[in-house]
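Participant: sequence first, then the predicted structure:
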Amino acid sequence: MMTNLFSVFDPSTNILNLSLNWLSTFLGILIIPTSFWLMPSRHHIIWNKIILTLHNEFKTLIGPSGHNGSTFIFISLFTLILFNNFLGLFPYVFTSTSHLTLTLTLALPLWLSFMIYGWINHTQHMFTHLVPQGTPPILMPFMVCIETISNIIRPGTLAVRLAANMIAGHLLLTLLGNTGPSLSTSLLTLLIIGQLALLTLEAAVAMIQSYVFAVLTTLYSSEVN
């Protein structure tokens with residue numbers, strides 16, 4: 001019996017006190033299509049089209065001042081989060097992106113590297129970002145404080161947004177699933193239809209949240225150039 005509703009998200013499978021649940025993070029590698037076939041499969045062609053589309057979009061967001069090849073960092077980030085979000089919808093697969101341990105590990109180093117690079121190489125440009133254009137002189141001190149705070153909490157908002165969205169859908173599916181044994185046949189049919197609809201919604205959320213995370217990270221990097 002669960003003592004806590006969130007205990008379904010706890011890493012529990014272990015051998016010799018080593019948690020094996022986090023190995024689910026590497027399951028996405030199995031989905032990546034191989035590039036060693038003589039004739040590429042449809043899966044490979046579709047994946048190449050997705051990468052090319054993301055590359056063009058991220059390149060537009062970064063702008064002409066961005067470094068060549070920097071878009072592939074964000075494409076890799078998108079792929080990692082997408083696989084973990086999507087695989088977490090399968091039964092008995094641990095959703096690592098529902099933990100702040102993983103989401104903060106992704107968000108904090110990226111944000112910190114952007115800040116260090118920006119303040120060292122483009123100090124004046126970073127100072128101008130603290131005061132939006134057209135701000136009255138009397139409001140400038142307040143705007144500097146607000147912009148500084150909003151900049152500092154960026155990695156936190158990135159991490160919490162992803163983890164909260166993953167937890168919310170999974171909790172709803174768990175709560176509805178636990179009521180199944182006590183329902184009649186007619187209500188059980190409605191519950192299964194509702195669960196399938198929620199599962200479809202969660203699949204969409206898994207894709208959208210990985211895209212949002214990657215796009216926001218790209219926008220933060222474009223601000224330092």
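Facilitator: Nice, thanks for sending it over.

Participant: residues near the residue nearest to Lys59 when sequence neighbours are not counted, how many?
Facilitator: In space, and not counting its chain neighbours, Lys59 is closest to Thr71: 5.3 Å by CB to CB, 6 or more residues apart in numbering. All C-beta spots, glycine's among them, are computed from the backbone N, C-alpha and C. The burial metric for Thr71, expressed as a neighbour count using other CB atoms under 10 Å, is 23.

Participant: the one 10 residues further on too?
Facilitator: Other residues lying near Ile81 total 26 when counted by other CB under 10 Å.

Participant: dump the C-alpha coordinates for stretch 203-215 into CSV.
Facilitator: Extracted as CSV, the C-alpha positions of stretch 203-215 are listed here (Å, rounded to 0.1, in the frame of the first residue of the first chain):
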residue,chain,number,x,y,z
ALA,A,203,2.1,11.9,-25.6
ALA,A,204,1.5,15.3,-27.0
VAL,A,205,2.7,17.0,-23.7
ALA,A,206,5.9,14.8,-23.9
MET,A,207,6.7,16.2,-27.3
ILE,A,208,5.7,19.8,-26.6
GLN,A,209,7.6,20.0,-23.3
SER,A,210,10.8,18.7,-24.9
TYR,A,211,10.4,21.3,-27.7
VAL,A,212,9.7,24.1,-25.2
PHE,A,213,12.8,23.2,-23.1
ALA,A,214,15.0,23.2,-26.2
VAL,A,215,13.6,26.4,-27.7
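
Participant: the residue nearest to Lys59 contacts Gly63, doesn't it?
Facilitator: No - the pair formed by Thr71 and Gly63 falls short of the contact definition of CB atoms under 8 Å, at 11.4 Å.

Participant: ranges for the helices of this protein?
Facilitator: The residue ranges that make up the helices of the chain, judged by DSSP state H, are 42-62, 71-87, 100-121, 123-129, 140-152, 154-178, 185-222.

Participant: export those to TSV and tack on distance to Thr25?
Facilitator: Listed next are these as TSV, based on distance: least, CB to CB, whole Å:
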stretch	distance to Thr25
helix 42-62	19
helix 71-87	6
helix 100-121	7
helix 123-129	34
helix 140-152	28
helix 154-178	13
helix 185-222	14
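
Participant: quickly, which of those bottoms out on average pLDDT?
Facilitator: Per-segment confidence across the helices of the chain bottoms out at helix 123-129, which has a mean of 79 in mean pLDDT.

Participant: name the residues that touch that helix?
Facilitator: The contact list for helix 123-129 (CB atoms under 8 Å, 6 or more residues apart in numbering) reads 118-119, 147, 223-225.

Participant: nearest to Ile45 among these?
Facilitator: For Ile45, the nearest member of the contacts of helix 123-129 is Asn225. The distance, counting by CB to CB, is 33.2 Å.

Participant: thought the closest one was touching Gly63?
Facilitator: Yes - Asn225 sits in contact with Gly63 when judged by CB under 8 Å, with a separation of 6.8 Å.

Participant: show me which of these two is the more surrounded one.
Facilitator: Regarding Asn225 and Gly63, a neighbour count based on other CB under 10 Å identifies Asn225 as having more, with 17 against 9.

Participant: and that one, what pLDDT?
Facilitator: At Asn225, the pLDDT value in this model is 73.

Participant: what does Asn14 give?
Facilitator: According to the model's per-residue confidence, Asn14 sits at a pLDDT of 62.

Participant: same deal with the one 3 residues further on?
Facilitator: In the predicted model, Asn17 carries a pLDDT score of 65.

Participant: next: the one 4 residues further on.
Facilitator: For Asn21, the pLDDT comes out at 75.
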